[in-house]
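S.K.: coordinates only, no sequence provided:
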């Protein structure tokens, strides 16, 4: 019983103290189960926040690197390394892959996303997420986010986070940063932009640990 009381006091301290039976963040501390649920929620939130911090740092460290430095086998697909780069970052193996198992097709990543939305303006609804840019008419996504199509034509992909997009420049042969506005100017500006939700496996994979 003493140990249980100490545990409850520890939870109350984590929650920032109480006032009139209610913790600082509004949790009813007269309910021990509520305490532990809130403690678990805070722990999960902290873990997620730390994962995002680590993910952002990894992206920063990759800037200016060539695909031969990123792919363990040093494999390069001239003119088509954008999906290859993204897949190595997220450890994605959907569809056609390089010898080390990373996806190399923009289309395969486009259809792998749980949801895809067309960006008519503003910032993406997900952070982080995948950003796809394609010549007008090459790709499309329904408003429900689950129905999408991508045909042949010029398309490009990057990873969006905190207002920046990391992508692999197939002309300068290196990882670079861009803004959403800069992505919209690809292919002369006659493009459609799409936001792709990250899969659970990507969010829980090595990139976020």
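M.R.: Looks like it arrived, so ask away. As the structure is a prediction and not an experimental result, all values here were calculated from the model.
S.K.: residue ranges in this protein under the pLDDT threshold?
M.R.: Counting by pLDDT under 70, the ranges of the chain that qualify are 1-30, 35-36, 38-50.
S.K.: can you give me the helices in it?
M.R.: 2-14, 32-62, 67-70, 82-90, 106-112, 180-184, 200-203 (DSSP state H).
S.K.: from the contact counts, what lies against the third one?
M.R.: Taking 3 or more C-beta pairs under 8 Å, 6 or more residues apart in numbering; DSSP states H and E as the contact definition, the neighbouring helices and strands of helix 67-70 are helix 82-90. All C-beta atoms are positioned from the backbone trio N, CA, C, and that covers glycine.
S.K.: same check on the fifth one?
M.R.: Contact here means 3+ C-beta pairs under 8 Å, 6+ apart; on that basis helix 106-112 packs against helix 82-90, strand 129-135, strand 148-150, strand 155-161, strand 191-196.
S.K.: what are the buried residues along that helix?
M.R.: By neighbour count on 16 or more other C-beta atoms under 10 Å, the buried set for helix 106-112 is 106-110, 112.
S.K.: re the thing from before, looking at the helices and strands packed on helix 106-112, which is nearest to residue 52?
M.R.: Among the helices and strands packed on helix 106-112, the nearest to residue 52 by C-beta to C-beta is strand 155-161 (7.8 Å).
S.K.: just want the angle from that closest one to strand 191-196.
M.R.: 50 degrees (axes from the mean of the first three to the mean of the last three C-alpha atoms, to 10 degrees).
S.K.: helices or strands next to strand 155-161 in the packing?
M.R.: helix 32-62, helix 82-90, helix 106-112, strand 129-135, strand 164-169, helix 180-184.
S.K.: any chance of a markdown table for the ones you listed, columns distance to residue 70?
M.R.: Formatted as a markdown table, the helices and strands packed on strand 155-161 follow (distance: least, C-beta to C-beta, whole Å):
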| stretch | distance to residue 70 |
| --- | --- |
| helix 32-62 | 7 |
| helix 82-90 | 5 |
| helix 106-112 | 16 |
| strand 129-135 | 17 |
| strand 164-169 | 9 |
| helix 180-184 | 21 |
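S.K.: can you check which of these gets nearest to residue 209?
M.R.: With C-beta to C-beta as the yardstick, what comes closest out of those is helix 32-62 (6.8 Å).
S.K.: one step back: would you mind giving the buried residues of helix 106-112 as CSV with distance to residue 139 added?
M.R.: Shown next, in CSV, are those (distance: C-beta to C-beta, whole Å):
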residue, distance to residue 139
106, 9
107, 9
108, 13
109, 12
110, 7
112, 14
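S.K.: between those, which sits nearest residue 193?
M.R.: residue 110 (12.4 Å).
S.K.: list the contacts of the closest one.
M.R.: Listed by C-beta atoms under 8 Å, 6 or more residues apart in numbering, the contact set of residue 110 reads 116, 132, 139, 148, 150, 157, 194, 196.
S.K.: pull the most distant pair out of these.
M.R.: 148 and 157 (13.6 Å).
S.K.: which of those two has more residues huddled nearby?
M.R.: residue 157 (26 against 20; other C-beta atoms under 10 Å).
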